[in-house]
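Q: sequence plus predicted model, see below.
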Amino acid sequence: MPLIHDMDRQAAVDLLHRLVTVGVEFKLDDQVTRKRLTPQDIRDLLVTELPEQSTGVHDVAQELVDVVLPLCNNEASPRFLGFGHTGADVSALAAGLLALFAQQNLINQSFAAPSATFTEIAVIRWLRDLIGYPNLPVNEVRTVWDVGGVTTYGGTGSNTTAMLLARENIAPGTMHTGVANAERMHIVVPAGIGHYSVKSALEWIGCGGRIIEVPTRGYRYDLHQLEKTLTERRDEIMSVVAYTGDSRTHTVENLRAVHDIARAVRPEIWLHADACWGLMCAFTPELAGKLDGITAFDSVTVDPHKVMDIPYAMSALLVRDPASLRLVSSYSDLIMQEDFAFGQVTPFIGTKEWSSVKLWAMMRAHGRAGLAEMMQRRLITTRTFSGLVDDNPRLLRLNNPDMTAVVFVYLPTGHDPQRPDVDRINDVSHRIHARLLEEGRWHFHQFSIPDDTGRISQGATLRPLRFMGNNGRITEGHMRDALAYVTGLGRAMENA
Ligand SMILES: Cc1ncc(COP(=O)(O)O)c(C=O)c1O
């Protein structure tokens, strides 16, 4: 049946070519989605029994195009305003296609990924270079332990590897002996704005969800409280996590200060910067200063699939001292004991696809100048959106964007800044978002967040909307239309 060598060569090329065309049209579509159904309806449509008889390869492709794809969300649509994961970089798409065919496995170099291993090493070194970690001269890169990082399937995977490193750093050998004293394995995170992945990581690696939440101000650690907590609980803490762009407002932590405080209290504390979003600051000299201090952190997570327009999934954990990855290495005669077998340094991952080639192609194609230009465009979009929010008396912006995230709420009629009705604001905002999701015409993100800038009521939990200016297709017209739509919905919801 339809293995590639069983088909007529031209028929195979035509089929693949047709799906590439469909894919390009999908990406260029203006709509967030072509068809909306309830989850139950989609379940009933797609969760079917395995057919007894074979279905022709063309029919399967047609079913995907006609039935499945119209229900997919298009994050490259200029109406998808909540994230910027467009996956629309052409070089990355092309490289990703080739990687599908090439079927390389990054677990081993010699027989599974002879060249892919080295494009992956190049990408890791480019990422290190962007954030300011030094690289060894190429001729001194003799093993995977000289590279200074690993790629993973996402920020969650990278953060989990970082927490594993923190654990081994504070209690060497725990990999082999198991956790003996989890009370030494707390991590410090900022209250209310952290990403669940670090807490889950602790749970997954046997430390229990031992997080210590420190109060924040303006979506960064309250440094006085940080110092107090670290001093009081000094011997219980294995790591401090700093968000270099938190998940919600993308505010960049005061990295230098966090570093100085933590190192002064206890030099062995593993300092981890989650720069899933913050990698964007490295693209342009205008924002690079925000990363000041990051190179003194022991590890840094970056998530190119979030901020570089490359298709999923591609993240990396970078480490200050490349040899530190020995702490979490695996040895097995099923992984080649060869110098460049990445399988030795990627906890939780065995077989690994050549995802990094998408980033390799994107970064080759853009170069530093292209990345800077891309980021400048994003900043202009973000500033335009912020301005539109600020000019609209029915909307209130909650953050001062460090990068491209603008967090805002709709203010119901009669809103009194002296006596804000937080429940009503949240209720209307929640209903606006529910309607947006239901209709699928526009998309903003939503979450709960403490009002850390006090623009409504200091410390209250808010449910705002979030815009991101990353998608290069967003025009001022889209932004104006989307905000007019949101305010229209707000008016309708508050009267409903
Ligand atoms: C700050 C931060 N860290 C980690 C993650 C997890 O990334 P992923 O979904 O790629 O695993 C996210 C995702 O939104 C994030 O915002």
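A: Arrived safely. Numbers count the residues shown, from 1 in each chain.

Q: mind listing what's buried in stretch 399-419?
A: 399, 401-412, 415 (16 or more other Cβ atoms under 10 Å). For the C-beta atoms, the positions are set from N, CA and C on the backbone; glycine is no exception.

Q: so how far is that stretch from its chain's centroid?
A: Distance of stretch 399-419 from its chain centroid, counting by Cα atoms, centre = their mean, to the nearest Å, is 24 Å.

Q: and of the buried residues of stretch 399-419, the nearest to Arg128?
A: Lowest distance from Arg128 to the buried residues of stretch 399-419 (Cβ to Cβ) belongs to Met403, with 20.3 Å.

Q: residues contacting that closest one?
A: By Cβ atoms under 8 Å, 6 or more residues apart in numbering, the contact set of Met403 is Gly245, His250, Val252, Trp277, Gly278, Met280, Cys281, Leu287, Arg378, Thr382.

Q: so it, which of the three states?
A: Look at Met403: counting by DSSP: H, G, I helix; E, B strand; the rest coil, its state is coil.

Q: and for Val241?
A: strand.

Q: specify the beta-bridge partners of it.
A: Beta bridges link Val241 to His272 when assigned by DSSP bridges.

Q: tally of neighbours for it?
A: Val241: 29 surrounding residues under other Cβ atoms under 10 Å.

Q: quick check: residues of the stretch 301-450 of the chain near the ligand?
A: For the stretch 301-450 of the chain, the residues in contact with the ligand (Cβ under 6 Å from any ligand atom) are Asp303, Ser315.

Q: helices of the stretch 301-450 of the chain, residue ranges please.
A: 304-307, 356-391, 422-439 (DSSP state H, counting those that start in this stretch).

Q: put the alpha carbons of the first one into PDB.
A: Written as PDB, here are the backbone C-alpha positions of helix 304-307 (Å, rounded to 0.1, in the frame of the first residue of the first chain):
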ATOM      1  CA  PRO A 304      11.900  29.800  19.800                       C
ATOM      2  CA  HIS A 305       8.500  28.300  18.900                       C
ATOM      3  CA  LYS A 306       6.900  31.100  20.800                       C
ATOM      4  CA  VAL A 307       8.800  34.100  19.500                       C
END
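
Q: how far off centre is that helix?
A: 6 Å.

Q: who touches it?
A: Outside helix 304-307, the residues that touch it by Cβ under 8 Å, 6+ apart are 83-85, 87, 127, 154-155, 276-277, 279-280, 310-316, 359, 362, 470.

Q: filter the residues you listed to the buried ones?
A: Among the contacts of helix 304-307, those buried by neighbour count (16+ other Cβ under 10 Å) are 83-85, 87, 127, 154-155, 276-277, 279-280, 310-311, 313-316, 359, 362, 470.

Q: if we can go back for a sec, now, which of the contacts of Met403 sits nearest Thr21?
A: Arg378 (28.6 Å).

Q: pretty sure that closest one contacts Phe467?
A: No. With contact defined as Cβ atoms under 8 Å, Arg378 does not reach Phe467; the gap is 11.7 Å.

Q: could you check which of these two has the larger neighbour count?
A: For Arg378 versus Phe467, neighbours defined as other Cβ under 10 Å are more numerous around Phe467 (29 against 23).

Q: got the domain boundaries for this structure?
A: Domain assignment for the chain by automatic domain parsing gives 4-74, 96-364.

Q: reformat those as a markdown table; add mean pLDDT.
A: Conversion of the domains of the chain to a markdown table gives the following (pLDDT from 0 to 100):
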| stretch | mean pLDDT |
| --- | --- |
| domain 4-74 | 95 |
| domain 96-364 | 96 |
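
Q: can you tell me which of those domains is packed in deepest?
A: Most buried of the domains of the chain by mean neighbour count (mean count of other Cβ atoms under 10 Å) is domain 96-364; its value is a mean of 20.

Q: ok so, going back, need the domains of the chain in JSON lines (columns: distance to Pro450).
A: Formatted as JSON lines, those follow (distance: least, Cβ to Cβ, whole Å):
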{"stretch": "domain 4-74", "distance to Pro450": "29"}
{"stretch": "domain 96-364", "distance to Pro450": "4"}
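
Q: before I go, just wanted to say thanks for your time.
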